[in-house]
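Q: need coordinates for the below:
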Amino acid sequence: MTGHLSPRTARRRFLLLTATRWFPVGLVVGLLTLWPLERGLTIAAVLLAFSFQGLVVAALELPTGGFADAFGRRPVLVAAAAVNVVASVVMIAAGSFWGFAAAAVLTGVFRALDSGPMEAWFVDTVHAAEPGADVDGTLAAQSTVLGAAMAVGAVVSGGLVVWDPLPSGSALLLPMLAWAVLNVVHLVAVATLLHEPRAHVDQTGLRRAATSVREAPGVVRDGFGLLRRNRVLLALVLVEVFWSVGMVVFESLQPVRLAEIVGSEERAGALMGPVAGAAWGVFALGAALAGLGSRRYGVARTAIAARVFNGLGAVVMGLVAGPVALVAAYLFTYTLHGSAGPMHATLLHREAESRNRATVLSINSMVAFAAFSVGAPLVGALAEVTTVQVAMVSAGAFSIVGAVLYLPALRAERRRPALSVPA
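A: So this is what the prediction gives:
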């Protein structure tokens with residue numbers, strides 16, 4: 001396909017690919033910490049193994065982001081989906097620390113290739129028809145679709161764990177296998193549905209590859225140069241340092257804490273299906289509410305509020321003692337997590353340009369994964385030497401501090417002229 005897609009068609013495909021990308025993750029979102037724990041790893045070992053993912057992303061984000069901007073988003077996303085299939089197979093087969101570390105490394109490669117290009121493709125497609133249009137509405141809709149897909153996947157996962165039809169092995173195995181199969185479906189969907197304008201696909205073979213290699217370092221340098229010149233963007237990227245540490249609470253430690261309360265990983269895995277499904281349902285609700293809030297109060301104010309209340313929710317998760325209170329705090333925290341994402345992304349897009357948009361998103365993701373790779377093992381070690389609850393409260397309180405870094409974006413928003421054409 002050589003022409004531009006219409007914004008409506010691009011939006012429809014963007015949301016559909018979001019669903020195929022995240023529904024499989026919903027199947028395992030509540031199990032990825034429990035799976036290695038059931039295989040014999042400790043909490044600290046699990047978080048240390050998974051930190052390899054962040055190290056790989058931190059190393060590859062900028063090269064892959066620059067490559068996507070120079071070479072084209074579609075081939076990078078196809079490669080990412082293929083690596084994801086391999087990573088899921090290795091995760092299922094892993095039985096030791098190094099097996100899970102290898103799966104984490106492959107997942108890091110996937111996340112580095114996957115983060116940014118899809119969003120950049122959509123925004124540039126819209127801007128080709130409506131230059132300068134904000135995309136906060138569609139990004140909020142994307143988070144709603146993401147949350148709904150994750151919610152349905154998590155509910156299905158819980159049902160599969162309870163069903164447990166396999167004659168041998170863990171009750172967690174069937175949803176893990178379904179995750180790998182549906183990752184293949186996403187690979188086919190990306191290869192079939194994602195098309196780029198002529199500017200990204202008018203060269204073939206070695207000439208196209210050589211051009212991409214020459215352009216990618218320049219795009220990366222421009223991205224770092226933009227951080228030096230743009231204090232608003234620098235502050236936005238640094239928000240991820242605090243946000244990522246807070247995510248350890250509700251993405252990694254919550255299933256562990258639930259397993260402590262109910263007595264086993266498999267029992268917690270069965271409960272995590274409906275619980276995670278509800279969490280991603282309220283995540284979708286939070287994203288939709290953020291879209292409404294941004295139109296009334298502004299994107300930056302909405303981002304600040306979401307960041308503060310998300311961190312407070314993580315703190316409360318560590319303070320409560322019973323399963324009902326833990327689940328309630330978890331759902332509140334995930335609602336605000338859904339609100340924060342699209343607002344943060346919209347603020348990033350305001351500071352980026354078409355030629356470096358994927359690179360800017362990759363810089364943001366690189367910082368997030370680097371912070372997670374350092375913070376998660378520290379939080380895990382704190383949980384080992386104290387309690388899981390102490391680690392949750394500490395990480396949640398730390399994450400609240402990041403809200404201060406939205407103030408430069410708030411000042412910039414006050415100076416920003418209103419656009420007449422929303423997307």
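
Q: hey, let's count contacts and neighbours off CA atoms from now on
A: Will do.

Q: where do the helices sit along the stretch 1-150 of the chain?
A: Using DSSP state H, counting those that start in this stretch, the helices assigned to the stretch 1-150 of the chain run over residues 7-28, 34-38, 43-71, 73-93, 97-114, 117-129, 136-163.

Q: show the contacting residues for Ala303.
A: With contacts defined as CA atoms under 8 Å, 6 or more residues apart in numbering, the neighbours of Ala303 are 339-340, 343-344, 406.

Q: so what secondary structure elements neighbour the helix or strand containing Ala235?
A: Taking DSSP states H and E as the criterion, the element that holds Ala235 is helix 231-247. Judged by 3 or more CA pairs under 8 Å, 6 or more residues apart in numbering; DSSP states H and E, helix 231-247 is in contact with helix 205-229, helix 299-319, helix 323-350, helix 357-385, helix 388-400, helix 407-415.

Q: those: lowest mean pLDDT?
A: The minimum mean pLDDT among the helices and strands packed on helix 231-247 belongs to helix 205-229 (a mean of 65).

Q: now the contacts of Ala303 as JSON lines including distance to Val46 and neighbour count?
A: Shown next, in JSON lines, are these (distance: CA to CA, whole Å; neighbours: other CA atoms under 10 Å):
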{"residue": "Ser339", "distance to Val46": "28", "neighbour count": "31"}
{"residue": "Ala340", "distance to Val46": "27", "neighbour count": "29"}
{"residue": "Met343", "distance to Val46": "31", "neighbour count": "28"}
{"residue": "His344", "distance to Val46": "29", "neighbour count": "24"}
{"residue": "Tyr406", "distance to Val46": "32", "neighbour count": "23"}
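
Q: re the thing from before, of the helices and strands packed on helix 231-247, which approaches Asn183 most closely?
A: helix 357-385 (21.4 Å; CA to CA).

Q: the closest one vs helix 388-400, what angle?
A: Angle between the axes of helix 357-385 and helix 388-400 is 150 degrees (criterion: axes from the mean of the first three to the mean of the last three CA atoms, to 10 degrees).

Q: chain center to helix 357-385, what's the gap?
A: 12 Å (CA atoms, centre = their mean, to the nearest Å).

Q: then stretch 302-321?
A: Mean-position distance between stretch 302-321 and its chain equals 18 Å (CA atoms, centre = their mean).

Q: list the buried residues of that stretch.
A: With burial defined by 16 or more other CA atoms under 10 Å, the residues of stretch 302-321 counted as buried are 302-304, 306-319.

Q: now stretch 395-415
A: Under the neighbour-count criterion of 16+ other CA under 10 Å, stretch 395-415 has 395-403, 405-410, 413 buried.

Q: let me know the closest of those residues to Arg296.
A: Using CA to CA, the shortest approach to Arg296 within those belongs to Glu413, at 13.3 Å.

Q: distance of Gly277 from Val324?
A: 15 Å (CA to CA, to the nearest Å).

Q: show me the shaky parts of this protein.
A: By pLDDT under 70, the weakly predicted segments of the chain are 1-4, 61-67, 69-70, 129-134, 136, 197-220, 223, 417-423.

Q: residue furthest from the geometric center of it?
A: The outermost residue of the chain, judged against the average C-alpha position, is Pro167 (34.5 Å), by CA atoms, centre = their mean.

Q: quick one: contacts for that one?
A: Pro167 makes no contacts at all, as judged by CA under 8 Å, 6+ apart.

Q: quick one: secondary structure of it?
A: For Pro167, the secondary-structure state derived from DSSP: H, G, I helix; E, B strand; the rest coil is coil.

Q: give me phi/psi at it?
A: Dihedral pair for Pro167: phi -70, psi -20, per degrees, to the nearest 10.

Q: can you give me the neighbour number for Val90?
A: Burial of Val90 is recorded as 20 neighbouring residues (other CA atoms under 10 Å).

Q: the one 4 residues further on now?
A: Each residue near Ala94 was counted by other CA under 10 Å, and the total is 18.

Q: that one and Ala87 touch, don't they?
A: No - counting by CA atoms under 8 Å, no contact exists between Ala94 and Ala87, whose distance comes to 10.4 Å.

Q: ok, the residue nearest to Val56 when sequence neighbours are not counted - contacts?
A: Leaving aside its chain neighbours, Val56 sits nearest to Gly108 (5.2 Å; criterion: CA to CA, 6 or more residues apart in numbering). Going by CA under 8 Å, 6+ apart, Gly108 touches 52-57.

Q: gap between Gly108 and Arg355?
A: Relative to Arg355, Gly108 is positioned 24 Å away (CA to CA).

Q: determine how far the lengthiest helix in the chain lies from the middle of the whole chain.
A: Assignment by DSSP state H gives helix 265-297 as the longest helix of the chain. Between the centre of helix 265-297 and the centre of its host chain there is 14 Å, according to CA atoms, centre = their mean.
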